[in-house]
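Student: Give me coordinates for this.
(chains A and B)
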2 protein chains.
Amino acid sequence: MTPAGRRAGNPDTRTEILEAARDEFGESGYRRATIRGIARRASVDPALIHHYFGTKDELFAASIALPFAPGDLMDGVFEGGRDGAGRRLARAFFTIWETEQARASLLGVLRTAISGDERATAAFREFLLEALRDHLAAHIDGDDARLRAVTVASHLVGMAITRYVVRLEPVASASIDDLVDLVAPRLQSYLDQA
Amino acid sequence: MTPAGRRAGNPDTRTEILEAARDEFGESGYRRATIRGIARRASVDPALIHHYFGTKDELFAASIALPFAPGDLMDGVFEGGRDGAGRRLARAFFTIWETEQARASLLGVLRTAISGDERATAAFREFLLEALRDHLAAHIDGDDARLRAVTVASHLVGMAITRYVVRLEPVASASIDDLVDLVAPRLQSYLDQA
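Tutor: Coordinates of the predicted model:
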């Protein structure tokens, strides 16, 4: 039963469910998150979530559609050419993580991928494959462009874990400027094959 | 009830329990791992595990005593001075992860830390603090030695997640030599403040 006044096809309802799913996956991780809990957050009936998105797996897959388009992001990073792209990438990465909604979403993705759940890991791998590696590798020269792209992504993911998940000092409370200054030259050297 | 022929104080039994715990935490993560499951793996009674190690939390803390001493590891990495330490550190890191027992242990630590469980995250933070950051920072000059040490650790942790957890290609099946060649110069530049 849907709450009164909401049409089943209302796009706002879909959006609200996805936002609730991101919050729930982010706070609880994939395993502990429940359709019931997500329904409660979104003030809808669990049956409506199943109707829109199917299983918890499918809802998760829909929910990791992040609040930015990775292709557009990479186009922005490389708009001024490869010079300075390491710095722009580092700044874009940390800026996204500093945004509350994006951070909740990304934490959910990360926790899920690392939980040992094979389907969720596959979802994360597909996301990383499509969203980051290939967009990034397109801007790197050489036979090992994909290896370098994944290494850049790995470094950034490691920084996110240290700062936002484990909260290890002094990275946890460093300024974004300091982190960008530190990381950017190494990202750039991966991009340049130096 | 302990199996016949085993003394309660037998150090082998403790070792077997810790090995079983590492396996169980590594495969199932902290949340899903149970004392009962660990007892089954170690062929002991669950009560014996409680007797030796206390709670699941305490058993976890004992189990993340890794199969190497981080201080000794860092001493080895820096034995020949800081020149080439980036390469030695990268090789030591991947070599440990390629060892089956160490990988099971480290995966358990990583999954647990990222699960969102605050106590487990704290345990991981303490481990990283004591085991890696401070040992590493001791070999780096400058006011930002700790920041650089954590950044080096972050890069390596990110590589481990990509290769061993998410198994993202081409990092997942790259040779250790290729990964060391790629990562070592960037680790070195963090160590050198270049």
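
Student: use CA for all of it now, contacts and neighbours both
Tutor: Noted.

Student: What's the separation between residue A:51 and residue B:49?
Tutor: Residue A:51 sits 46 Å away from residue B:49, going by C-alpha to C-alpha, to the nearest Å.

Student: Between the two, which is the more surrounded one?
Tutor: Counted by other C-alpha atoms under 10 Å in any protein chain shown, residue A:51 and residue B:49 do not tie: residue B:49 has more neighbours, with 23 against 10.

Student: How about the contacts made by that one?
Tutor: B:17, B:35, B:39 (C-alpha atoms under 8 Å, 6 or more residues apart in numbering or on different chains).

Student: So which of those residues sit within helices?
Tutor: Under the assignment DSSP state H, the contacts of residue B:49 contribute B:17, B:35, B:39 to helices.

Student: For chain B, give me its nearest residue in chain A.
Tutor: residue A:158 (3.9 Å; C-alpha to the nearest C-alpha).

Student: Touching, residue A:145 and residue A:137? I think so.
Tutor: Yes. Between residue A:145 and residue A:137 there is a contact at 5.2 Å, judged by C-alpha atoms under 8 Å.

Student: Neighbour count: those two, which is higher?
Tutor: Between residue A:145 and residue A:137, residue A:145 has the larger neighbour count (other C-alpha under 10 Å), namely 22 against 19.

Student: Please name the residues that touch the more buried one.
Tutor: So residue A:145 contacts A:137-138 (C-alpha under 8 Å, 6+ apart).

Student: re the thing from before, of the ones in helices among the contacts of residue B:49, closest to chain A?
Tutor: residue B:35 (18.9 Å).

Student: Only the buried subset of the contacts of residue B:49, as a ChimeraX command please.
Tutor: Provided next is the ChimeraX selection string for whichever of those are buried by 16 or more other C-alpha atoms under 10 Å in any protein chain shown:
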select /B:17,35,39
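
Student: Up against chain B, what does chain A have?
Tutor: A:27-29, A:110-111, A:113-116, A:121-122, A:124-125, A:129, A:146-148, A:150-151, A:154-159, A:161-162, A:165-171, A:182, A:186, A:189 (C-alpha under 8 Å from any C-alpha of the partner chain).

Student: ok, then the element right after the helix or strand of chain A with the lowest mean pLDDT?
Tutor: For chain A, the helix or strand with the lowest mean confidence is helix A:118-128, at a mean of 65 (criterion: mean pLDDT, DSSP states H and E). Per DSSP states H and E, the first helix or strand lying C-terminal to helix A:118-128 is helix A:134-137.

Student: which residues sit in contact with the closest residue to residue A:165 other than its chain neighbours?
Tutor: Using C-alpha to C-alpha, 6 or more residues apart in numbering or on different chains and skipping residues adjacent in sequence, the residue nearest residue A:165 is residue B:114, 6.4 Å away. Contact analysis of residue B:114 by C-alpha under 8 Å, 6+ apart lists A:110-111, A:114, A:161, A:165-166, B:121.
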